[in-house]
Every structure is written in C-alpha cells, then in structure tokens.
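Asks: Just to be clear, the model below is a prediction. Sequence and coordinates:
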Amino acid sequence: MTNTNNTPDSVRLIKKYPNRRLYDTQTSAYITLADVKQLILGHEVVQVVDAKSNEDLTRSVLLQIILEEEAGDVPMFSANALAHIIRFYGSTMQGLMGTYIEKNIQAFIEIQESMAEQSKGLYDAQLGPEAWTQFMAGQAPVLQNVMNSYIEQSKNIFVQMQDQMQGQTFSMFNAFPFPVATPPKKKE
C-alpha cells in the first residue's frame, strides 16, 4: 500500500500466522483486525504479509475489514452497487472501473479536505466541538450536491470519450475491405 505522505520506511509491517493471528512487528505484539482498522483510521500505511511465505496479504485483510463494516448497521454499499461491481470483474472494463473508483474516492477526499480547511477558522474561532459536529452533519447535503455534480460531469466526459472512441474505431475499420457498416445512432 502506498501513501504519498509517508516514506517506505514508515510502512507498518504486520505478519499473519497460519493460526490467523496478526503480529505487529513494530510493537512486537499480537493485534486484532479491529487494531488494524484503527491503524488505517490513524492514516498509518500498513502491509500485511504471510509469516511463512512473505506473500502480501494487505488487500485481503483490508477487504476483511470492509466486509465487517458492511455487515454493520450502516453499510456504505447497497446490494445493487455491489452487484454492479461484481459484474465488472472479468470484463474488459475491469481495469478502468478500478481506476475510476480510486480517482473518484481521491476526488471526494480532496473535496472533504478543502471544505475542512475552508471552515477551520470558523471552528477554531466561534464553535465548540458539539456545535461543529452539528454544523458538519448539516453540510452532508451540500457535499452530496457537490459530489452529484462532479459525478454527472464525469459521466458526461465519459460518454464523450466513448463517442470519440467509437468514431475513431469506425473510421479505422472503414479503411479495411470489410462490408461497409453504418455508425450506430446516438441515444438522445
């Protein structure tokens, strides 16, 4: 796992033993999945490796944490969203989808950080922690509108890119001695 804010020396190495126990090499102690979650929440960069084979198990452990969170009271993904994600596995769009999700999460983080930075002076000067929490809870609809706008723009750009690729493909294949095809009609 990489993080531009941390150097490779700051990776927290966790070893996973055959008995499924996790061993934190920094603290020389066994830890739980909940402890790994707390490290992640604390912005630690962790790497989980199999104690015998040294195989990288980081993604597997992170997916376990997500699975436990999704089984809780407030899941992040609907069954429909998860079904759509599953359908991308094995398709030609799998790599693009992974990158798309990652870029959108990064954009969401940047928007969130920007909002926090812009409102930092308000919190420091005028509001206490309780009032700040209430204020930020009220900002959820604003953030949702910003994200919806961003996603709509992203979708429009993707559709334009798809149209351009389709036009280029059509032009390229017209140069070959295949039966002449007409480009598909655009949806309106």
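Replies: Received, thanks.

Asks: Just list the residues touching L39, thanks.
Replies: Going by C-beta atoms under 8 Å, 6 or more residues apart in numbering, L39 touches R12, V46. C-beta here means a position set from N, CA and C on the backbone, and glycine is covered the same way.

Asks: how about it, phi and psi?
Replies: phi -60, psi -40 (degrees, to the nearest 10).

Asks: How about the one 4 residues further on?
Replies: Summarising the backbone geometry of H43 under the convention degrees, to the nearest 10, its torsions are phi 60, psi 30.

Asks: Count the residues that sit near it.
Replies: 9 (other C-beta atoms under 10 Å).

Asks: do the one 5 residues further on as well
Replies: With neighbours defined by other C-beta under 10 Å, the count for V48 comes to 22.

Asks: Could you do the one 3 residues further on as well?
Replies: Applying other C-beta under 10 Å, we find 16 other residues in the vicinity of A51.

Asks: Surely it is in contact with Y17?
Replies: Yes: if you go by C-beta atoms under 8 Å, A51 and Y17 touch, sitting 4.8 Å apart.

Asks: residues shared between the contacts of these two?
Replies: Jointly contacting A51 and Y17 under the rule C-beta under 8 Å, 6+ apart are Y23.

Asks: which one's the longest helix in this protein?
Replies: Using DSSP state H, we find that the single longest helix of the chain is helix 140-174.

Asks: distance between it and the chain's centre?
Replies: 19 Å (C-alpha atoms, centre = their mean, to the nearest Å).

Asks: got the buried residues for that helix?
Replies: V146 (16 or more other C-beta atoms under 10 Å).

Asks: elements contacting that helix?
Replies: helix 94-118 (3 or more C-beta pairs under 8 Å, 6 or more residues apart in numbering; DSSP states H and E).

Asks: Report the distance from the helix it packs on to the chain centre.
Replies: For helix 94-118 - counting by C-alpha atoms, centre = their mean - the centre lies 7 Å from the chain centre.

Asks: what residues does it touch?
Replies: Residues external to helix 94-118 that are found in contact with it (C-beta under 8 Å, 6+ apart): I85, F88, Q139, L143, V146, M147, Y150, I151, S154.

Asks: Now do the contacts for the second one.
Replies: For F88, the residues meeting the contact criterion (C-beta under 8 Å, 6+ apart) are Q94, M97.

Asks: Kindly recompute the last result at 10 Å.
Replies: By C-beta atoms under 10 Å, 6 or more residues apart in numbering, F88 lies in contact with Q94, G95, L96, M97, G98, Y100, I101.
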